[in-house]
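J.: following is a predicted model, sequence given first.
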Amino acid sequence: MHGEATSGPRRAPGSGSAGIIEGMPHRAVHDVSAIFRILRDRELRSFWMSDWVSDAGSFVTFIALAVYVNKLTGSPVAVGVALALRSVPWFTIGPLAGVLADRMDRRRVMVASNLIRAALVALLPFTTELWQIYTIALASAVFGPLFRSARSALLPLVAPEQRLVPALAVMETTHQVLHTVGPAFGGLVVLLVGARPAFFVDSASFLLASAFLLGVRARGRPEGERSSALSDLRGGLRGLLGAPAVRTYVLLGAALNLGWGGVIALLVVYVRDVLGGPGGEYGIVLAVVGLGTVLSSLAIAARDERHSRRPWAVASVLGLGAFAAILWTPSLIALLPVALVAGLADAGVGIPLSATLAETLPDALRGRAYSVAAALTELAAAAGSVGFAWLADGSRLGVTHSMALAVGVGCALGLVVLATGGAAAIGASETRRLARAAEVPRGPVGADEIG
């Protein structure tokens, strides 16, 4: 993605390699700290606080739901369906939710979505039948695409122009931090109070997240011409497909999510049934995955201004591939380093996709394009959750072989995307991006803009 001339660290005239190596840690620390200066802005701080509070609570329900359904049914398929239901709205009404978010006050959409989900999640502790759990989980998930589309479209208004990419990096990085804190917190809550009471924690997090969003100024309805919802949706799809690098990241994310959906759905079954551990240990493994994602995200953000994003696309495939070690039936301790490496799968696609989409597409299309991209990746995740969970039945492949197959399929499809023009598309996009960056001198992020 970055051009050849600008792909490495810049050297001062006459400087040697020893000086470069010696200065690299200091430069990396400085780059990361400069990115986080964007949080001096009050509205961005409120946006950021709302994000991480909501994410932390959602991980509680994510883990509690898997543990609760597994205890209630003892069926891997039931767990896979429960997790897959969270994805269904993304590939059914998700694209239309993006159109709706582009026509309404986005902050109000986000607050209303959070309040409704708080009420629905609070009903889960009172369920006793599987169909009740499925119904509430699906109803709550309906508001996910609406919230995320509105969020994606609002952020560029809160952090316009040169502040947008640093803000995206901060939001994505701190989101990945919650991949560490969230699962650990969720697993701890489930271990201490049980799966049912844990749902109340997520409900409370939605309320607190809404309170933080009130610190973001409402922007009103977006301006622009209105056409039919179908025409607006086609415009978003054309924008996404017409940007080769964005299209590559979306297809790569869908391929990896297909495999990752199977891994996540079966991981709780592996921990409980194969290793004989309590359900809360599922959260520990996910927490280590999150740690790997955090470390990768920080590296991506610190290097992004001067280095190509293309290697991270390849690294994301290798990250998912680490879970092929499941074939050797690793213990919980042995599974943790595998999970750490697997964190690359999320960061290697997530941050480059968000940044490239924001850099490439106009604001008028951003919400719709995001919803279409999310629809494709969530459809793949749902297919992986259900399909590989079905194969995990004892009369078929079993848990470990189904997880390994999920990894193999996801990695193979990801490599096909990169080999059939995807890597070249990312490279061309990065050459242009780095050439533009080299022409525009930039000081510390937001140093003269943030109040």
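T.: Now that the structure is in, tell me what you want to look at. Numbers count the residues shown, from 1 in each chain.

J.: tally up the residues packed near residue 382, please.
T.: Under the neighbour criterion other CB atoms under 10 Å, residue 382 is assigned a count of 24. C-betas here are computed from N, CA, C, even on glycine.

J.: helix or strand: which one has it?
T.: Assigned by DSSP states H and E, residue 382 belongs to helix 363-391.

J.: show me how far that helix is from its chain's centre.
T.: 11 Å (CA atoms, centre = their mean, to the nearest Å).

J.: what of stretch 326-343?
T.: For stretch 326-343, the distance to the chain centre is 21 Å (CA atoms, centre = their mean).

J.: so which bits of that stretch are buried?
T.: 326, 330, 335, 336, 338, 339, 340, 341, 342, 343 (16 or more other CB atoms under 10 Å).

J.: returning to what we had before: CA atoms of the following helix or strand past the helix holding residue 382 as PDB?
T.: Sequence order places helix 399-417 as the next helix or strand after helix 363-391, per DSSP H and E. The C-alpha trace of helix 399-417 is given here as PDB (Å, rounded to 0.1, in the frame of the first residue of the first chain):
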ATOM      1  CA  VAL A 399     -15.200 -30.100  18.200                       C
ATOM      2  CA  THR A 400     -11.500 -30.000  17.500                       C
ATOM      3  CA  HIS A 401     -11.700 -31.100  13.800                       C
ATOM      4  CA  SER A 402     -14.500 -28.700  13.100                       C
ATOM      5  CA  MET A 403     -12.500 -25.800  14.600                       C
ATOM      6  CA  ALA A 404      -9.500 -26.800  12.500                       C
ATOM      7  CA  LEU A 405     -11.700 -26.900   9.400                       C
ATOM      8  CA  ALA A 406     -13.100 -23.500  10.200                       C
ATOM      9  CA  VAL A 407      -9.500 -22.100  10.400                       C
ATOM     10  CA  GLY A 408      -8.500 -23.800   7.200                       C
ATOM     11  CA  VAL A 409     -11.500 -22.500   5.200                       C
ATOM     12  CA  GLY A 410     -11.100 -19.000   6.500                       C
ATOM     13  CA  CYS A 411      -7.400 -18.800   5.800                       C
ATOM     14  CA  ALA A 412      -7.700 -20.300   2.300                       C
ATOM     15  CA  LEU A 413     -10.400 -17.900   1.300                       C
ATOM     16  CA  GLY A 414      -8.400 -15.000   2.700                       C
ATOM     17  CA  LEU A 415      -5.300 -16.000   0.700                       C
ATOM     18  CA  VAL A 416      -7.500 -16.300  -2.500                       C
ATOM     19  CA  VAL A 417      -8.700 -12.700  -2.000                       C
END
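
J.: report the buried residues of helix 399-417.
T.: Those would be 399-400, 402-407, 409-411, 413-415, 417, for helix 399-417 by 16+ other CB under 10 Å.

J.: could you do stretch 109-128 as well?
T.: For stretch 109-128, burial by neighbour count (16+ other CB under 10 Å) applies to 109-114, 116-118, 120-125, 127.

J.: quick one, phi psi at residue 215?
T.: Note on residue 215: backbone dihedrals following degrees, to the nearest 10 are phi -80, psi 0.

J.: that one against residue 44, yeah?
T.: No: counting by CB atoms under 8 Å, residue 44 is not a contact partner of residue 215; they are 9.8 Å apart.

J.: of those two, who's got more company?
T.: Higher neighbour count among residue 215 and residue 44: residue 44, with 23 against 14, using other CB under 10 Å.

J.: quick one: contacts for the more buried one?
T.: Residue 44 makes contact with 38, 158, 159, 167, 170, according to CB atoms under 8 Å, 6 or more residues apart in numbering.

J.: just curious, which of those residues is nearest to residue 94?
T.: residue 158 (22.7 Å; CB to CB).

J.: can you tell me the closest non-neighbouring residue to the closest one?
T.: Of all residues not flanking residue 158 in the chain, residue 43 sits nearest, at 5.2 Å (CB to CB, 6 or more residues apart in numbering).
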